[in-house]
Every structure is written in C-alpha cells, then in structure tokens.
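Undergrad: could you work out the structure for the sequence below:
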Amino acid sequence: MSAVPSIALFHQWLLATAPESPVACSIVLHGTPPTLSPRLSGGIVSYLNEYDDDGDGRWLALQPDLVPLIACDPSHRRLLGLEDEAGPVLPGQPFGIQRALAALAARGHVVLDSPLASAATRKLKNVFHVGIGLPPDSLAECHIILNPALFQVSCLPQIVGDVFLEWLNSQGRKKEPLHGL
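TA: Residues are numbered from 1 along each chain as shown. Predicted coordinates for the structure are as follows:
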C-alpha cells in the first residue's frame with residue numbers, strides 16, 4: 001500500500017470521531033513476523049469493523065512506514081494534540097515517533113504493529129497487547145500470546161478480535177478509567 005492512500009485512510013479515521021468523544025481502545029501487536037504483519041493487522045481491522053458495534057467501522061491498521069510521516073507533519077501532530085518539541089528532539093526520530101504512536105493509540109480504534117509501539121503505549125490503559133510468536137521482552141505486558149506456527153494464518157485475526165472484544169466488554173475492565181497518562 002502506498003503512503004498516499006494510507007494518509008487518506010488516516011485522515012478519514014482521524015476525522016471520523018470528535019476528539020471529545022469517549023476514549024476508545026487500541027491494539028498493539030508485538031513481535032509480528034514481517035511476512036505476516038500487514039495481513040494480520042488488516043485482518044484484525046476488517047474483523048473489528050464488522051463485529052465491534054461500538055467501533056462503527058472506524059478501525060484502522062496503521063502501517064509502520066506511515067507513522068513517521070504523521071509524526072513529521074506539523075498539522076498531523078496538532079490534530080493529534082501533540083505540541084511541537086522545544087529542544088533537540090525531532091518528530092521523525094524514535095522519541096517523536098513514540099509520542100505519535102502514543103497519541104494514536106490513546107485516540108483508539110487503531111491497530112499498531114511497530115517495534116516502537118510497545119514502549120510508546122506502555123502506560124496507556126486503553127491498549128490491548130498481543131504477542132505474536134515469542135517477543136524477546138515485555139511478555140508480561142501482553143494480554144494474549146499466539147504462536148502463528150500453531151494456527152492457520154487466516155484464523156489469527158478472528159482469534160485476536162474475539163479475545164479483544166471479550167476483554168473490551170469485561171466487567172472489571174469497564175470500571176477502570178482508560179487513560180494512564
């Protein structure tokens with residue numbers, strides 16, 4: 001997928017919900033093999049756009065190559081509520097990209113599959129973490145860990161989507177405030 005259609009999808013996603021709407025949840029994938037990444041995140045989004053009634057079809061799979069474009073654009077940063085950094089941090093560098101990932105995840109209805117997403121979303125309570133394979137670290141942060149060698153690839157999006165929806169609607173989780181910022 002080229003960056004231009006992805007930016008258009010990002011704009012549609014961003015404008016689909018008013019910023020003052022209740023916080024929605026996001027999904028972060030950890031350790032996804034590169035050959036599985038776009039297919040898995042896209043499949044999860046398709047599944048949730050069909051079965052997550054509260055999502056109203058607003059789920060977006062944000063590919064890792066799009067995040068630096070969003071992080072480097074001042075208008076996109078403003079739309080996400082990110083102020084310009086004063087000092088040596090550049091938006092296109094890892095810390096600036098992590099800030100953009102955190103802002104995207106905090107807004108909700110996004111599936112992130114980026115090596116920086118784990119650290120960026122660590123303190124957010126509205127994020128569902130999925131380990132694909134055996135991530136070398138942060139296993140304790142994953143809500144579910146799946147071994148893709150033990151499943152048909154076509155089953156993984158539905159498994160992740162179903163477990164996410166169960167987590168989303170669990171009574172204990174609904175009582176907690178979502179933001180951990």
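
Undergrad: so what pLDDT did residue 178 get?
TA: Predicted confidence (pLDDT) for residue 178: 50.

Undergrad: can you get me a residue count around residue 39?
TA: Number of residues near residue 39 (other CB atoms under 10 Å) recorded here: 15. (Each C-beta comes from the backbone N, C-alpha and C, glycine too.)

Undergrad: so who does the residue lying closest to it once chain neighbours are set aside touch?
TA: The shortest distance from residue 39 to any residue other than its chain neighbours is 6.8 Å, reached at residue 153 (CB to CB, 6 or more residues apart in numbering). Applying CB atoms under 8 Å, 6 or more residues apart in numbering to residue 153 gives the contacts 36, 39-40.

Undergrad: then residue 52?
TA: By CB under 8 Å, 6+ apart, the contact set of residue 52 is 59, 161, 165, 168.

Undergrad: of those residues, which is the most crowded?
TA: Neighbour max across the contacts of residue 52 (other CB under 10 Å) = residue 59, 25 neighbours.

Undergrad: tell me the helix or strand right after whatever helix or strand residue 101 lives in.
TA: Using DSSP states H and E, the element containing residue 101 is helix 94-107. Once helix 94-107 ends, the next helix or strand along the chain (criterion: DSSP H and E) is strand 110-112.

Undergrad: who does that following strand pair up with?
TA: Strands that pair with strand 110-112, judged by DSSP bridges, come out as strand 26-30 (parallel), strand 60-62 (parallel).

Undergrad: show residues contacting the last one.
TA: Here strand 60-62 makes contact (CB under 8 Å, 6+ apart) with 9-10, 13, 38, 41-42, 44-45, 104, 109-114.

Undergrad: ok now that strand, how far from the chain's centre?
TA: 7 Å (CA atoms, centre = their mean, to the nearest Å).

Undergrad: now that strand: buried residues?
TA: 60-62 (16 or more other CB atoms under 10 Å).

Undergrad: compile the strands paired with strand 110-112 into CSV and extend it with columns for mean pLDDT and distance to residue 173.
TA: Listed next are the strands paired with strand 110-112 as CSV, based on pLDDT from 0 to 100; distance: least, CB to CB, whole Å:
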stretch, mean pLDDT, distance to residue 173
strand 26-30, 93, 14
strand 60-62, 90, 22
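
Undergrad: make CSV out of those and add distance to residue 50.
TA: Below are the strands paired with strand 110-112 laid out as CSV (distance: least, CB to CB, whole Å):
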stretch, distance to residue 50
strand 26-30, 15
strand 60-62, 14
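
Undergrad: of those, which approaches residue 96 most closely?
TA: In terms of CB to CB, the element of those nearest to residue 96 is strand 60-62, at 15.7 Å.
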